[in-house]
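let me see the structure of the following:
(2 chains)
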Amino acid sequence: MTEPLLVFPDPPPPELVRTLDLGGYNWKAVGSAQEPEGRWLGAVVAVDENPEDAFGFCRSLNRRGLDIPVLLLISGARLDELEMRDDLYTDFCLTPFHQRELEARLAHLVWRSGTALRPELIEYGPLVLNVETYQATITGRPLDLTYMEYELLKFLASSPGKVFTRETLLSRVWGYDYFGGARTVDVHVRRLRAKLGEEHAGLITTVRSVGYRFGLSRWER
Amino acid sequence: MEPQKDYVLRTVEERGVRLIRLWFTDVLGQLKSVAISPAELADAFDEGLQFDGSAIDGFSRVQESDVLAVPDASTFELLPWADPEEPSGRVFCDIRNPDGTPFEGDPRWVMRRSLAKAAEMGYTFYTAPEVEFFYFRHGDPDQPLTPLDNASYFDLTTADVASPLRKRTITMLEAMGIPVEYSFHEDSPSQHEIDLRYTEALSMADNVMTLRLVVRKLALDRDLHATFMPKPLNGVQGSGMHTHMSLFENDINAFHDAGDDYGLSKTAKAFIAGLLHHAREITAVTNQLVNSYKRLVAGDEAPTFVSWARNNRSALVRVPVVKPGKESSTRIEYRALDSAANPYLAFSAVLAAGLKGVQEGYELPPEAAADLYTMTRGQARTKGFEELPMSLSEALDVLEESPLMVDVLGEHIHEWFLRNKRAEFAEYRREVTPFELRRYLNTW
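Sure, this is the predicted structure:
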């Protein structure tokens, strides 16, 4: 189990910490949804301490398109507040919770987000490419790409920081028998940059008289 | 299934696309569209969508009127202005006969054929047009035209009220994968220019069609009227579509030669010679309206004589100066084209004229150093400069006699175009113009 669970708030209630540690979970507490980068197994959100912030946290997970299962810890007195919030969580557990029940629910949660069920994603900063569905998003906004634009971006984003010559890109993305030469690559990089928008166009940089690089160079990182 | 088609079908499903617009272009360069539901898209890819072509300009034939629209999956784009709740997409189509062979009245097929010829010679053809157009308060021909502003070239003042509209247009174009190099207020009141970054000529023709729609649509959203009519206002310059072009042999710019004084290769010189040699023959296609010839007059940034030069904006073909280290951007600019041309046919015509020069090894005449605008016809003729046709009628006469253009357009389009355009000119000839009334009513 390599990917950690997200836990809210920071610090989490002590009884939750105890259960997670006893269960051998890899976890990380965060105070806002802006922080977590990378891939997560799921999220455990303790609602009772500050319900408004907790639901806000869930909403921003949604907005960022993280698409991970969310387990709420909530007291029976607050069950009413779940109404109209079905989109914010996957499952819940009543507080004070029974340690065995929470473990069982967590195990189930983890099963749900098992890698076999997860789409294969390529992620870099604000960019997410879903290899199965061919969809790409930038800061959660869908990018409308043509097939060749998508293939080119996928190839570049699979090796961030690496510089590719136009010839390599042409042969790997278009195939050796493609007629048209490396100008084709330049044209498609321009189209991609246009679609990424001014703010993100810099994700693909031109390396003078060599070719193109996606993301920061190995030295800048 | 081919990955391109698979990709489009998948995107349609994932994004919940409700409607797919099949786009194609008639012989005159008008965009046509038929919408289908996602369920029909897979069939359209495989078998094409059958429709009656007889109502489309230039598609009509005597015996068989049914044709197929076959979507070109590589051109699928979601329309950025569509309601996000009901996404819709567009895809350009090739037109085929019911037996699956290419339909000879399809301008996209004309372009494909021309590009295949270039490919046989080892070339890819890139173009970068500078599209000019006007915004007006309305599109009612019976009312006096009212420009939005009286700003001028490169103005960035409050006088340029259309600037936010132009900006929005560019954002839309870029979202559809059409990179814009520059955009600015042009010389005339309410006249604007959008320069597209070069791309391979078929995609560029698609892009020009898209651009015209986007410009018009966004203007309409604000109750304004955008027009690509070549010369809407008297006394100010009209809307051209100066087009930069280059040939590439794989990764090498075939127009560049470092050892030449002009930086031009033998191929480039022969290509320019071809353009000049056949300029009069292709003019009916690059400038296809009665109105086009009111733009091609001396002094309005438009060419009148068949000529070439480096830094002379009165020339028909201009060779822009290339910055050191940017040799791969060596290119030539054809300045007759206007914004109302059918881009598929016009790009095909200039390509064919140029390639003819390369094939036959035409000699390039000397550069036109003098300002051609100040020259009289007599002076120009003694210096060996031919005139571009002065009217649509004259241009059609030359087109009719051109074996090159029969070859480029194919017999079907060549014949139909002549017939249609002769009718347009005949109608125009019958009309009494305001000029005549102003000039003659009280004198005679």
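
mind listing what the most centrally placed residue in chain B touches?
Nearest to the geometric centre of chain B sits B:Pro343, at 3.2 Å (CA atoms, centre = their mean). Contacts for B:Pro343 were tallied using CB atoms under 8 Å, 6 or more residues apart in numbering or on different chains; they are B:Gly29, B:Pro129, B:Met204, B:Ala205, B:Val208, B:Met209. The C-beta positions use only the backbone N, C-alpha and C, and glycine is treated the same way.

and if we set it to 6 Å?
B:Ala205, B:Val208 (CB atoms under 6 Å, 6 or more residues apart in numbering or on different chains).

and the pLDDT for it?
pLDDT, B:Pro343: 98.

distance of it relative to B:Leu28?
12 Å (CB to CB, to the nearest Å).

around chain A, which positions in the stretch 101-250 of chain B sit nearby?
Residues of the stretch 101-250 of chain B lying close to chain A (CB under 6 Å from any CB of the partner chain) are B:Thr124, B:Glu174, B:Gly177, B:Pro179, B:Arg197, B:Thr199, B:Phe248, B:Asn250.

and these, which two are furthest apart?
The span of these, defined through CB to CB, is set by B:Glu174 and B:Asn250 at 28.3 Å.

report the buried residues of the helix or strand bottoming out on mean pLDDT in chain A.
Within chain A, no helix or strand scores below helix A:99-112, which has a mean of 82 by mean pLDDT, DSSP states H and E. By 16 or more other CB atoms under 10 Å in any protein chain shown, the buried positions in helix A:99-112 come out as A:Leu102, A:Glu103, A:Arg105, A:Leu106, A:Leu109, A:Val110.

returning to that earlier point: now do the residue nearest to the centre of chain B against chain A, distance only.
17 Å (CB to the nearest CB, to the nearest Å).

next, count neighbours for B:Pro179.
21 (other CB atoms under 10 Å in any protein chain shown).

wait, it touches B:Arg197, no?
Yes - between B:Pro179 and B:Arg197 there is a contact at 4.3 Å, judged by CB atoms under 6 Å.

shared neighbours, those two?
Joint contacts of B:Pro179 and B:Arg197 (CB under 6 Å, 6+ apart) are A:Arg190.

domains in chain A, by residue range?
A:5-112, A:121-214 (automatic domain parsing).

sec struct for the residue most central in space within chain A, please.
For chain A, A:Leu66 is the residue whose C-alpha lies nearest the centre (CA atoms, centre = their mean; 4.6 Å). A:Leu66 falls in the coil class when you classify it by DSSP: H, G, I helix; E, B strand; the rest coil.

separation between A:His188 and B:Cys93?
For A:His188, the distance to B:Cys93 - CB to CB - is 22 Å.

coming back round to it: settle it for me: which of B:Glu174 and B:Asn250 has more neighbours?
More crowded of B:Glu174 and B:Asn250, by other CB under 10 Å: B:Glu174, with 21 against 15.

can you tell me the SS state at A:Leu72?
strand.

now the residue located most distally from the centre of chain A: which helix or strand?
Distance from the C-alpha centroid of chain A peaks at A:Phe179, with 36.9 Å (CA atoms, centre = their mean). Following DSSP states H and E, one finds A:Phe179 outside all helices and strands.

where does chain A dip in pLDDT?
For chain A, applying pLDDT under 70 flags the ranges A:1-2, A:35-36, A:112-119, A:176-178, A:217-221.

tell me how many other residues crowd residue 139.
Assuming you mean chain A. Quick note: A:Thr139 (other CB under 10 Å) scores 14 neighbours.

not what I meant, chain B
14.

which ones are touching it?
B:His225.

one more: B:Asp66?
B:Asp66 sits in contact with B:Gln50, B:Pro98, where contact means CB under 6 Å, 6+ apart.

just list whatever residues bridge to it.
Beta-bridge partners recorded for B:Asp66 (DSSP bridges): B:Asp52.

how about the nearest residue to A:Arg193, chain neighbours excluded?
Counting by CB to CB, 6 or more residues apart in numbering or on different chains, A:Ala201 is the residue found nearest to A:Arg193 once chain neighbours are left out, at 4.0 Å.

could you point out the longest strand in chain B?
strand B:124-136 (DSSP state E).

now the residue nearest to the centre of chain A: how far from chain B?
Distance from A:Leu66 to chain B, by CB to the nearest CB: 18 Å.

go on, A:Val128?
13 Å.

what does the host helix or strand of that residue rub up against?
Taking DSSP H and E as the criterion, A:Val128 maps to strand A:127-130. Residues outside strand A:127-130 that contact it (CB under 6 Å, 6+ apart): A:Pro119, A:Leu121, A:Ile122, A:Ala136, A:Thr137, A:Ile138, A:Lys154, A:Ala157.

now do 10 Å
A:64-67, A:119-123, A:135-140, A:143, A:145, A:150, A:153-154, A:157-158, A:160, A:196, A:200, A:203, A:214-215, B:14 (CB atoms under 10 Å, 6 or more residues apart in numbering or on different chains).

give me the buried subset of those.
Taking 16+ other CB under 10 Å as the criterion, what is buried in the contacts of strand A:127-130 is A:64, A:66, A:122, A:135-138, A:143, A:145, A:150, A:153-154, A:157, A:160, A:196, A:200, A:203, A:214-215.

just the helices in chain B please.
All helices of chain B, identified by DSSP state H, fall at B:3-14, B:38-47, B:107-120, B:163-175, B:201-221, B:266-286, B:292-295, B:343-360, B:377-382, B:392-400, B:403-430, B:434-440.

how about those helices in CSV, adding distance to A:Arg166?
Shown next, in CSV, are the helices of chain B (distance: least, CB to CB, whole Å):
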stretch, distance to A:Arg166
helix B:3-14, 22
helix B:38-47, 31
helix B:107-120, 19
helix B:163-175, 22
helix B:201-221, 18
helix B:266-286, 22
helix B:292-295, 39
helix B:343-360, 24
helix B:377-382, 45
helix B:392-400, 40
helix B:403-430, 32
helix B:434-440, 55
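
count of residues packed around B:Ile282?
28.

who touches the closest residue to it other than its chain neighbours in this structure?
Excluding the flanking residues, the one nearest B:Ile282 by CB to CB, 6+ apart is B:Ala349, at 4.0 Å. Residues in contact with B:Ala349 (CB under 10 Å, 6+ apart) are B:110, B:114, B:275, B:278-279, B:281-286, B:334, B:337, B:341-342, B:399, B:402, B:404-405, B:408-409.

can you check A:Val207 too?
A:Val163, A:Phe164, A:Thr165, A:Arg213, A:Ser217.

mind telling me the two of these farthest from one another?
Between any two of those (CB to CB), the greatest distance is 15.4 Å, for A:Thr165 and A:Ser217.

mind listing which of the contacts of strand A:127-130 are in helices?
Filtering the contacts of strand A:127-130 for helices - DSSP H - leaves A:Tyr150, A:Leu153, A:Lys154, A:Ala157, A:Ser158, A:Leu196, B:Glu14.

do you know the pLDDT at the last one?
If I follow you right, that is B:Glu14. According to the model, B:Glu14 scores 87 on pLDDT.

would you mind measuring from it to A:Asn130?
In terms of CB to CB, B:Glu14 sits 9 Å off from A:Asn130.

kindly report the same for the third one.
The span separating A:Lys154 from A:Asn130 equals 10 Å under the rule CB to CB.

re the thing from before, what is in contact with B:Pro343 and B:Leu28 at once?
Counting by CB under 10 Å, 6+ apart, the common neighbours of B:Pro343 and B:Leu28 are B:Pro107.
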